[in-house]
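*Asks:* attaching a predicted model along with its sequence, questions to come.
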Amino acid sequence: MRKETKVPEDFVARFLDHTVFDGWGRRALEAAAQDVGLDKMSVRRVTPNGPRDMVLAFNDMANARMIAALAKVNIDHLPVRERVGTAVRVRLQQNEAHKEAVRKMLSYLAFPGRAALAGRCTYETVDAIWRIAGDTSTDFNFYTKRGLLAGVYGSTVLYWLSDVSEDQKDTWGFLERRIADVMKIPKIQSAIKKGVSRMPLPGPLLMFRQLKS
């Protein structure tokens with residue numbers, strides 16, 4: 001993971017509020033700066049890349065809060081799939097108040113040229129989740145696990161954004177089904193384990209290796 005962001009949390013929080021109406025851009029950035037009393041020079045210092053830096057700051061903040069919340073409960077006794085599911089659930093529940101801001105952020109990341117930024121944030125989140133779940137792998141499984149969880153996490157976020165069920169129960173059911181599907185895959189991987197060292201990494205896993213290095 002990268003070092004903790006220098007962007008003040010109150011600045012990030014106010015920015016998230018403004019994105020609902022102003023979008024994930026400069027207008028929201030300027031409005032948030034005014035709210036917390038940051039002058040233009042200070043804004044340029046903490047967010048030299050503007051809205052792009054706010055994506056990273058929000059992702060850092062969300063990951064840190066997820067880690068802090070899970071540190072207060074004992075999930076070590078749970079099966080790995082439940083540890084992973086609990087981490088994803090906690091992260092989304094913590095961001096329930098910022099659901100519209102997350103939607104705006106995904107729209108921002110969907111523009112051409114921002115795929116690497118989206119991939120970086122996804123990698124850092126799924127890596128944090130796997131570490132919370134107790135993963136210590138350093139071989140090919142390191143990338144495989146993060147690549148598979150990236151798919152689960154991404155699809156669950158999209159489902160969560162449109163979920164209107166009580167207490168998001170439909171989202172949690174969707175999450176459980178996706179994790180169950182993924183848990184079947186290692187059985188297939190074991191059959192090709194001997195040839196892993198000679199196999200090229202698939203695109204998403206290659207990207208994760210590059211981000212880790």
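*Replies:* Looks like it arrived, so ask away.

*Asks:* grab the most central residue of this protein for me.
*Replies:* Closest residue to the average C-alpha location of the chain: Thr125 at 3.8 Å, with CA atoms, centre = their mean.

*Asks:* so which elements touch the helix or strand hosting Leu149?
*Replies:* Assigned by DSSP states H and E, Leu149 falls within helix 140-162. The contact analysis (3 or more CB pairs under 8 Å, 6 or more residues apart in numbering; DSSP states H and E) places helix 140-162 against helix 80-94, helix 99-109, helix 115-132, helix 169-183, helix 203-212. For glycine as for every other residue, the C-beta is placed from the backbone atoms N, C-alpha and C.

*Asks:* closest one to Pro51 among these?
*Replies:* helix 99-109 (6.5 Å; CB to CB).

*Asks:* returning to that earlier point: which one of the helices and strands packed on helix 140-162 lies closest to Asp39?
*Replies:* It's helix 99-109; of the helices and strands packed on helix 140-162, that one is closest to Asp39 (CB to CB) at 23.9 Å.

*Asks:* relative to helix 115-132, how tilted is the closest one?
*Replies:* Helix 99-109 and helix 115-132 meet at an angle of 130 degrees, taking axes from the mean of the first three to the mean of the last three CA atoms, to 10 degrees as the criterion.

*Asks:* other SSEs contacting helix 99-109?
*Replies:* Counting by 3+ CB pairs under 8 Å, 6+ apart, helix 99-109 packs on helix 9-22, helix 51-71, helix 115-132, helix 140-162.

*Asks:* nearest to Ala31, of these?
*Replies:* Per CB to CB, nearest to Ala31 of those: helix 9-22, 4.5 Å.

*Asks:* now the following helix or strand past the closest one: buried residues?
*Replies:* Next helix or strand after helix 9-22 toward the C-terminus (DSSP H and E): helix 26-36. Using 16 or more other CB atoms under 10 Å as the test for burial, helix 26-36 gives 28-33, 36.

*Asks:* contacts for helix 26-36 next, please.
*Replies:* For helix 26-36, contacts defined as CB atoms under 8 Å, 6 or more residues apart in numbering pick out 8, 10-11, 14-15, 17-19, 22, 39-40, 42-43, 47, 50-51, 54.
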